[in-house]
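*Asks:* Have a look at this prediction, sequence included:
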Amino acid sequence: HFTILLLLLAVLSLKQLVYASRSLVCCGFLLNQHYNPAFVSLQMMKHAWDNYKRYAWGLNELKPISKQGHSSNLFGNIQGATIVDALDTLYIMEMKEEFKEAKEWVEKNLDFNVNAEISVFEVNIRFVGGLLSAYYLSGEEVFRKKAVELGEKLLPAFNTPTGIPWALLNIKSGIGRNWPWASGGSSILAEFGTLHLEFVHLSHLSGNPVFAEKVMNIRKVLSRLDKPEGLYPNYLNPSSGQWGQHHVSIGGLGDSFYEYLLKAWLMSDKTDEDGKKMYYDAVQAIETHLIRKSSGGLTYIAEWKGGLLEHKMGHLTCFAGGMFALGADGAPSDKTGHHIELGAEIAKTCHESYDRTRMKLGPEAFRFDGGVEAIATRQNEKYYILRPEVIETYMYMWRLTHDPKYREWGWEAVEALEKHCRVDGGYSGIRDVYNNHESHDDVQQSFFLSETLKYLYLLFSEDDLLPFEHWVFNTEAHPLPVLHKDDGNKEENQK
Ligand code: DMJ
């Protein structure tokens with residue numbers, strides 16, 4: 001009996017120890033133990049996921065204040081955006097139980113046979129990208145099958161005179177159209193230019209070349225067109241094949257097109273020479289025409305409207321710091337250091353945009369005119385919706401330079417998120433980051449789980465977790481493997 005008692009005591013103290021180590025993680029934060037990836041998984045991801053599960057399970061997103069589901073018309077009535085977007089984050093953070101329940105939901109409930117008009121771009125980056133990553137990480141066939149099934153549903157979007165896809169598609173009828181607000185019926189550069197990585201993988205996994213052919217055709221159409229000053233306008237008419245309004249932006253409407261040129265080259269094991277050339281030529285034009293330095297010494301990327309500059313930078317544009325640094329290696333040899341430096345300068349500017357607010361979270365857009373630098377001046381640009389781009393850039397800059405300031409800046413963001421965005425029912429965006437008091441927008445965006453928390457976790461983890469030589473991240477932070485030359489995958493990349 002004595003031995004049994006001793007054994008019982010040992011088991012109990014082991015449990016205590018596990019419990020204590022968990023609370024240490026929790027209190028490590030309070031005790032100022034910085035840069036702890038376990039804090040991001042056990043405290044932040046768990047809180048976001050548990051609340052989604054409790055109040056919005058199976059719906060697209062969570063409303064963390066009203067504690068109910070949130071539907072966005074971007075996904076039509078396809079359901080479960082948060083589950084699919086979070087799959088790989090759960091896997092990477094080793095949240096095994098949660099991953100298992102997410103997988104079971106996908107098996108039983110994820111249904112694409114719905115009469116729904118969806119955004120081709122959003123469904124591709126979140127659903128196709130999320131399923132592909134979940135497949136590559138876990139090897140579970142259900143994710144591959146669902147990704148290919150969904151990819152097939154998206155194909156009618158390319159039925160336009162030029163093959164430039166529609167922005168919106170009814171996945172039952174196959175009828176597409178463009179956003180009514182987009183210049184003269186145009187498709188959007190950042191939307192049709194952000195299908196490449198996923199579609200190359202769909203061909204790779206299905207053995208059906210049609211997916212890769214569709215995105216290689218987009219490339220061809222783009223390379224044949226004249227570009228004003230070497231720049232790519234955000235609007236392109238899918239019927240006439242002509243540019244719409246000459247508005248150029250490395251933020252909203254343009255951003256991930258540039259990202260995918262670089263990443264297509266990296267994902268092809270550096271065999272996709274066209275992607276490479278288009279990327280470095282575009283960066284050259286961006287440097288000449290859009291990148292400026294403020295009188296206070298902050299480098300920023302302005303927007304270009306028919307030759308005139310608007311001295312404004314969006315939160316979305318901040319991803320470009322990481323992109324420039326990631327691309328530094330492939331730049332002409334005398335430019336490598338310059339591209340890293342450019343990445344570092346953008347990271348600094350975006351950090352300033354956070355630091356100059358009361359909540360230490362960045363606004364949706366900030367300006368460099370009218371006597372301000374890196375500050376939002378318009379009320380409708382002062383919100384923060386849990387976006388990842390600044391943290392994404394810190395993660396790339398950390399991996400590529402190991403300058404400790406990037407982890408410090410990342411931790412500042414963790415503290416600000418905990419203080420201002422964490423609520424009882426999850427995490428919420430903020431309406432005005434310059435205010436003393438939080439006014440919450442009541443949305444926990446699915447990209448908070450797929451991107452913001454994943455990039456934080458990677459920022460505080462070792463570099464051998466998803467190393468850059470083997471993985472590229474799609475624009476929703478879903479890791480896709482590099483298709484190595486010797487794996488016999490070259491055809492898809494070069495079609
Ligand atoms: C995400 O869906 C993706 O990062 C996309 O490229 C831009 N917008 C959001 C996050 O801000």
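*Replies:* Good, I have the coordinates.
*Asks:* Provide the secondary structure category for Glu412.
*Replies:* Following DSSP: H, G, I helix; E, B strand; the rest coil, we place Glu412 in the helix state.
*Asks:* for Trp304, phi and psi?
*Replies:* Main-chain torsions, Trp304, degrees, to the nearest 10: phi -120, psi 120.
*Asks:* So what's the residue count around it?
*Replies:* Using other Cβ atoms under 10 Å, Trp304 is surrounded by 24 other residues. No exception for glycine: its C-beta is placed from N, CA and C like everyone else's.
*Asks:* what's near enough to touch the residue lying closest to it once chain neighbours are set aside?
*Replies:* Nearest residue to Trp304, sequence neighbours excluded (Cβ to Cβ, 6 or more residues apart in numbering): Val248, at 4.0 Å. Contact analysis of Val248 by Cβ atoms under 8 Å, 6 or more residues apart in numbering lists 231-234, 254, 289-290, 303-305.
*Asks:* swap the cut-off to 6 Å and go again
*Replies:* Residues in contact with Val248 (Cβ atoms under 6 Å, 6 or more residues apart in numbering) are 231, 233, 304.
*Asks:* Pipe the residues you listed into JSON lines and attach distance to Glu97 per row.
*Replies:* Listed next are those as JSON lines, based on distance: Cβ to Cβ, whole Å:
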{"residue": "Leu231", "distance to Glu97": "49"}
{"residue": "Pro233", "distance to Glu97": "48"}
{"residue": "Trp304", "distance to Glu97": "49"}
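*Asks:* Going by distance to the ligand, which of those residues wins?
*Replies:* For the contacts of Val248, the residue nearest the ligand by Cβ to the nearest ligand atom is Pro233; the value is 18.6 Å.
*Asks:* Residue numbers of the stretch 101-250 of the chain in contact with the ligand?
*Replies:* The interface of the stretch 101-250 of the chain toward the ligand, taken as Cβ under 6 Å from any ligand atom, is made up of Ile125.
*Asks:* now the stretch 101-250 of the chain, which segments are flagged as low pLDDT?
*Replies:* Within the stretch 101-250 of the chain, no range satisfies pLDDT under 70.
*Asks:* Look up phi and psi at the residue in it that the ligand sits nearest to.
*Replies:* Nearest residue of the stretch 101-250 of the chain to the ligand: Ile125, at 6.0 Å (Cβ to the nearest ligand atom). Backbone geometry at Ile125, expressed as degrees, to the nearest 10, gives phi -70, psi -30.
*Asks:* With Gln68 instead?
*Replies:* phi -150, psi 180.
*Asks:* how about the residue nearest to Ser206 when sequence neighbours are not counted, secondary structure?
*Replies:* Leaving aside its sequence neighbours, Ser206 sits nearest to Val148 (Cβ to Cβ, 6+ apart; 4.6 Å). Using three-state DSSP, the structure places Val148 in helix.
*Asks:* what's the burial count for Val148?
*Replies:* The tally of other residues near Val148 (other Cβ under 10 Å) stands at 22.
*Asks:* circling back: for the residue of the stretch 101-250 of the chain closest to the ligand, which residues are in contact?
*Replies:* With Cβ under 6 Å, 6+ apart, Ile125 has these contacts: 474-476.
*Asks:* what's the closest of these to Ala347?
*Replies:* Nearest to Ala347 out of the contacts of Ile125 is Thr475 (Cβ to Cβ; 18.2 Å).
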